[in-house]
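1. got a structure for you, letters missing:
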């Protein structure tokens, strides 16, 4: 009877194992998920489905492990390496300066410890349930095939197909990952796994995987991500060298790798050497790919960002040991912001990641997290070395060299970018493959029994634990997946309504989104405030919208971010800009004092952030406190004297304060640095107001001449210019402009124009 019971349990375990195994295989398709109607469409959907899927698999896995304890995790060196990093990640979250963001991440990247814990759980389940080499090979095949589908999607982005998100003749493809650099990292891992599969297979299957792998390589090149291309091109000669010195693979295959590596390196060197040739410079793709100079602005900004992060890491013993907290790179970046980042409107001045995974880990998780991260790579290299030394099969030795080369490429790639969900998934599959090769290196079979000889956990306890796990999973799915999805979707409906000019509907949707008060609310509140600031002047009372009430509503929403993110300057800037709009036109308005209060708090947090001083100055301008406004613009100028916009703001404020000559001298510096106020109607109108006060007709005429060029069909500009010409004694030109105004709008201007011309002693 006992034997029959054990056999029944074995059958049940095998069936449950099969369900979990196929559930694990299904995760390989996660990188294809795109939620096009949501914010962060390439990241949000992937994680918002991956996490509940893993939670469901976890419940099933708990049931399996409690029934058959041979499925409990095998605690080998890689398990402890991955677990150590996960624990260090968690420790940094517990000590974080913004704990909620470290725990749940941001809506844009969908990171945080909670998500990483799910990847750790994914690895534990996969390594425990997929017990054979063939099961892992199947998983690798799924992963490489899915990466191929993402590559095909990337190729289609070079077309104009409307159903391809990101299409339109795109120069740099990003597949289904949403960013060329992140896409390149995802493909790099699968490219080297593809090489391994090509060598494992025989016959037509080998050619099939060879074609898929070759297309993935082309995709890496088409991303034009220099760090990724360099990493791949460096790893290929490394692999050829390893094959040569070890005698790995067949002579024919070895020669193919050697010749291919020589061609790739030679082509890359030739391209770099001819970077300044007309042929290369006329092609934006080749020009970008060949430019590896440290003087390139993109590379310089990377160094500035890393420098800001390192300065933040060194700030205190706490930050040195446990960092600022995962997902908090923006905090030290802001505190140690390099003013060179800001060159004017449109500058990239907010880095939420270091764009270097090693710097990212050091700054956000401290020395403890960094050492465990480095140890993870060290463990993988050690295991690959052991596989090569001790494996009884040539395929294992060859695969160990391929995977080691891929790890080199991945490390180089990660020196210039960071990981997100799709990258982590590929890397964890990569690690799982190393795990099974290590476990089976001697015999080709797992060094563990398929089924336990021991008794399962008693049924009552087993059912209780599975029920508890199920309840936890249900609550988690609702709280961390369903509610955030509703909030995200409501936000995009607000965005769509704003595009249509239906501001009443937009505000209703944004208000609904904010009311969820769930994961992602930080970005949603800021998106609401951004919408209000950009559209407040277009909102109409007849639509039932009170501008002041709308601004106050957005302030109330953003204020909720201050408690969770006390060291973040961005909420203060959104709040201060809203108060500035509320206080404009009334120097004594209390809103101006509130605007100033919030901007100065932002200055305390990010003292070298140039744009903050613009907001400080605007608050002073609202109060008609010109000396302090000028001093604020002067601070912006001092932080980065190369920004022409700062000189313009300081100069125009000097003029408005009465120092016309000093202001004109400052504006001359702005124009010498490239600022062109003559094409900006708002700038010209500010100058008109100034020159009107001191009756400087010559300068007024110069400005109206520019306005007439910009707005040739505006009769008022022609009429005003006619009056100024008359004041300056340019009678003939005055008559011409008066007649032009009359011809553009006879009903309104002709009668007055005739009188004006007659007053000048000229006939009509």
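-> Looks like it arrived, so ask away. The structure displayed is predicted, hence computed values, not measured ones. Residues are numbered from 1 along each chain as shown.
2. check contacts around the residue in the chain sticking out farthest from the centre.
-> Of all residues in the chain, residue 761 has its C-alpha farthest from the mean position, at 67.3 Å, by CA atoms, centre = their mean. Each residue near residue 761 by CB atoms under 8 Å, 6 or more residues apart in numbering is listed here: residue 731. The way it works is simple: take the backbone N, C-alpha and C, and place the C-beta from them, glycine included.
3. buried residues in the top helix by length along the chain?
-> For the chain, the helix with the greatest residue count under DSSP state H is helix 357-390. Neighbour counts over helix 357-390 (16 or more other CB atoms under 10 Å) mark 357-366, 368-373, 375-377, 379-381, 383-384, 387-388 as buried.
4. do stretch 106-117 as well
-> Quick answer for stretch 106-117 (16+ other CB under 10 Å): 106, 107, 108, 109, 110, 111, 112, 113, 114, 115, 116, 117.
5. break the protein into its domains for me.
-> Here the domain parsing of the chain from automatic domain parsing is 82-97+132-439, 695-764.
6. which of those domains sits most buried?
-> Comparing the domains of the chain by mean neighbour count (mean count of other CB atoms under 10 Å), domain 82-97+132-439 ranks first with a mean of 19.
7. now do that one: distance from first to last residue.
-> 16 Å (CA to CA, to the nearest Å).
8. quick one: mean pLDDT over it.
-> When pLDDT is averaged along domain 82-97+132-439, the result is 91.
9. how far off centre is that domain?
-> Its chain's average C-alpha position is 16 Å from that of domain 82-97+132-439, according to CA atoms, centre = their mean, to the nearest Å.
10. start at 29, not 1
-> New numbering, starting at 29: the last item is domain 110-125+160-467.
11. ok, back up a step: any idea how far residue 606 is from the residue farthest from the centre of the chain?
-> 55 Å (CB to CB, to the nearest Å).
12. kindly report the same for residue 758.
-> Residue 758 sits at a distance of 46 Å from residue 606 (criterion: CB to CB).
13. same question for residue 381.
-> 28 Å.
14. helices of the stretch 129-278 of the chain, residue ranges please.
-> Along the stretch 129-278 of the chain, the segments classed as helices by DSSP state H, counting those that start in this stretch run 141-157, 161-184, 208-228, 232-251, 254-274.
15. what helices or strands is the fourth one leaning on?
-> Packed against helix 232-251, as judged by 3 or more CB pairs under 8 Å, 6 or more residues apart in numbering; DSSP states H and E, are the following elements: helix 161-184, helix 208-228, helix 254-274.
16. and the second one, by the same measure?
-> In terms of contact count using 3+ CB pairs under 8 Å, 6+ apart, helix 161-184 is assigned the packing partners helix 30-54, helix 208-228, helix 232-251, helix 449-467.
17. returning to what we had before: how about the helices and strands packed on helix 232-251 in TSV, adding distance to residue 88?
-> Shown next, in TSV, are those (distance: least, CB to CB, whole Å):
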stretch	distance to residue 88
helix 161-184	16
helix 208-228	26
helix 254-274	37
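18. for residue 615, which of these is the nearest?
-> Closest to residue 615 of these is helix 208-228 (CB to CB; 48.4 Å).
19. next up, the contacts around the residue nearest to residue 227 when sequence neighbours are not counted.
-> Distances taken as CB to CB, 6 or more residues apart in numbering put residue 426 closest to residue 227, at 5.6 Å, once the chain neighbours are dropped. If you count contacts by CB under 8 Å, 6+ apart, residue 426 has them with 224, 227, 271, 276, 277.
20. and residue 188, by the same measure?
-> By CB under 8 Å, 6+ apart, the residues touching residue 188 are 195, 196, 197.
21. residue 636: which element?
-> Following DSSP states H and E, there is no helix or strand that holds residue 636.
22. and it, what does it touch?
-> For residue 636, the contact set (CB under 8 Å, 6+ apart) comprises 364, 365, 366, 367, 667.
23. and residue 739, by the same measure?
-> Residue 739 makes contacts with 709, 745, as judged by CB under 8 Å, 6+ apart.
24. from residue 720, how far off is it?
-> Relative to residue 720, residue 739 is positioned 18 Å away (CB to CB).
25. so what's residue 265 closest to, chain neighbours aside?
-> Residue 265 sits nearest to residue 289 (CB to CB, 6+ apart), 4.3 Å away.
26. try residue 784
-> In space, and not counting its chain neighbours, residue 784 is closest to residue 766: 5.2 Å by CB to CB, 6+ apart.
27. same check, this time on residue 628
-> Nearest-residue entry for residue 628: residue 644, 6.7 Å, with adjacent residues in sequence omitted and distances by CB to CB, 6+ apart.
28. related to what we said a few turns ago, show me which of the contacts of residue 188 is closest to residue 732.
-> Using CB to CB, residue 196 is the member of these that lies nearest residue 732, at 41.1 Å.
29. now the closest one. Nearest residue, chain neighbours left out?
-> Nearest one to residue 196, counting by CB to CB, 6+ apart, is residue 188 at 5.9 Å.
30. same check on residue 418?
-> Nearest non-adjacent residue to residue 418 (CB to CB, 6+ apart): residue 469, at 5.3 Å.
31. could you do residue 144 as well?
-> Nearest non-adjacent residue to residue 144 (CB to CB, 6+ apart): residue 117, at 5.5 Å.
32. what does the helix or strand hosting the one you found rub up against?
-> Using DSSP H and E, residue 117 sits in helix 105-122. When contacts are defined by CB under 8 Å, 6+ apart, helix 105-122 is touched by residues 101, 127, 130-131, 140-141, 144-145, 148, 151-152, 155, 350-351, 353-354, 392-394, 396-397, 399-401, 403-404, 407-408, 410-411, 459, 462-463, 466.
33. cool, stretch 310-328 as well?
-> 199-200, 249, 252, 254, 257-258, 299-300, 302-303, 307-309, 331, 368.
34. how about those residues, which pair is most distant?
-> The distance between the two most remote of the contacts of stretch 310-328 (CB to CB) is 32.0 Å, for 307 and 368.
35. coming back round to it: would you format the domains of the chain as a markdown table with distance to residue 650 included?
-> Conversion of the domains of the chain to a markdown table gives the following (distance: least, CB to CB, whole Å):
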| stretch | distance to residue 650 |
| --- | --- |
| domain 110-125+160-467 | 21 |
| domain 723-792 | 25 |
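36. for residue 660, find the nearest of these.
-> domain 110-125+160-467 (14.4 Å).
37. for residue 167, what are its contacts?
-> 52, 53, 56, 154, 158, 457, 460, 461.
38. go again using 10 Å as the cut-off
-> Neighbouring residues of residue 167 by CB atoms under 10 Å, 6 or more residues apart in numbering: 49, 52, 53, 55, 56, 154, 158, 221, 457, 460, 461, 464.
39. quick check: it vs residue 458, distance?
-> Relative to residue 458, and taking CB to CB, residue 167 is found at 11 Å.
40. identify the contacts common to those two.
-> Common contact partners of residue 167 and residue 458 (CB under 10 Å, 6+ apart): residue 221.
41. where does the residue nearest to residue 628 land on pLDDT?
-> We have a pLDDT of 96 for residue 644.
42. any idea which element the closest residue to residue 592 other than its chain neighbours lies in?
-> Sequence neighbours aside, residue 128 is the residue nearest to residue 592 in space, at 5.0 Å (criterion: CB to CB, 6+ apart). Here residue 128 sits within helix 127-132, counting by DSSP H and E.
43. which other helices and strands does that helix contact?
-> With contacts taken as 3 or more CB pairs under 10 Å, 6 or more residues apart in numbering; DSSP states H and E, helix 127-132 sits against helix 105-122, helix 141-157, helix 549-563, helix 575-592.
44. tell me the SS of residue 768?
-> Look at residue 768: counting by DSSP: H, G, I helix; E, B strand; the rest coil, its state is helix.
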